[in-house]
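*Asks:* Fold the following and give me the result.
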Amino acid sequence: MTLALHSCRAEGTLSELDLTATALPEGIVWVDLLSPTDDEIGFIKRVTGLHVPTREELSEIETSSRLRTEKGILYLR
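*Replies:* Predicted coordinates for the structure are as follows:
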């Protein structure tokens, strides 16, 4: 599995997840998708309503357009 869900709880990262669930587990504040499976992408789309871009879509965006700094802080769009 290449999907990691992070919370502010002491246990930090949730490693086991029911991909048929209808919602993210309580307390999740960050989702990492590194080479996600189709099932993982489908889960995130379903429970968040967000579009998960493909690698091809991401590669079309110039790095210089995705990165910016403001007051010494680096932001990735």
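
*Asks:* CA atoms for contacts and neighbours, from now on please.
*Replies:* OK.

*Asks:* Now the phi/psi pair for Glu70, please.
*Replies:* phi -140, psi 120 (degrees, to the nearest 10).

*Asks:* Report the beta-bridge partners for it.
*Replies:* Beta-bridge pairing for Glu70 (DSSP bridges): Ile73.

*Asks:* Got the confidence number for it?
*Replies:* With respect to pLDDT, Glu70 scores 82.

*Asks:* now swap in Ala4 and tell me
*Replies:* 67.

*Asks:* same check, this time on the one 4 residues further on
*Replies:* Confidence per residue is given as pLDDT, and for Cys8 that number is 69.

*Asks:* try Val47
*Replies:* We have a pLDDT of 91 for Val47.

*Asks:* And for the one 5 residues further on?
*Replies:* Val52 is assigned a pLDDT of 88 by the prediction.

*Asks:* Hmm, Lys45 and it touching each other?
*Replies:* Yes: Val52 is in contact with Lys45 according to Cα atoms under 8 Å; the separation is 6.7 Å.

*Asks:* Give the buried residues for the strand or helix carrying Arg68.
*Replies:* Per DSSP states H and E, Arg68 falls inside strand 67-70. When burial is assessed from 16 or more other Cα atoms under 10 Å, strand 67-70 yields no buried residues.

*Asks:* from the chain's centre, how far out does that strand sit?
*Replies:* 20 Å (Cα atoms, centre = their mean, to the nearest Å).

*Asks:* And for stretch 27-40?
*Replies:* 5 Å.

*Asks:* Which is the succeeding secondary structure element to the longest helix along the chain?
*Replies:* Longest helix in the chain by number of residues (criterion: DSSP state H): helix 38-48. Next along the chain after helix 38-48, taking DSSP H and E as the criterion, comes helix 55-59.

*Asks:* if I've got this straight, Glu26 is in a strand?
*Replies:* No: assigned with DSSP: H, G, I helix; E, B strand; the rest coil, Glu26 falls outside any strand and is coil.
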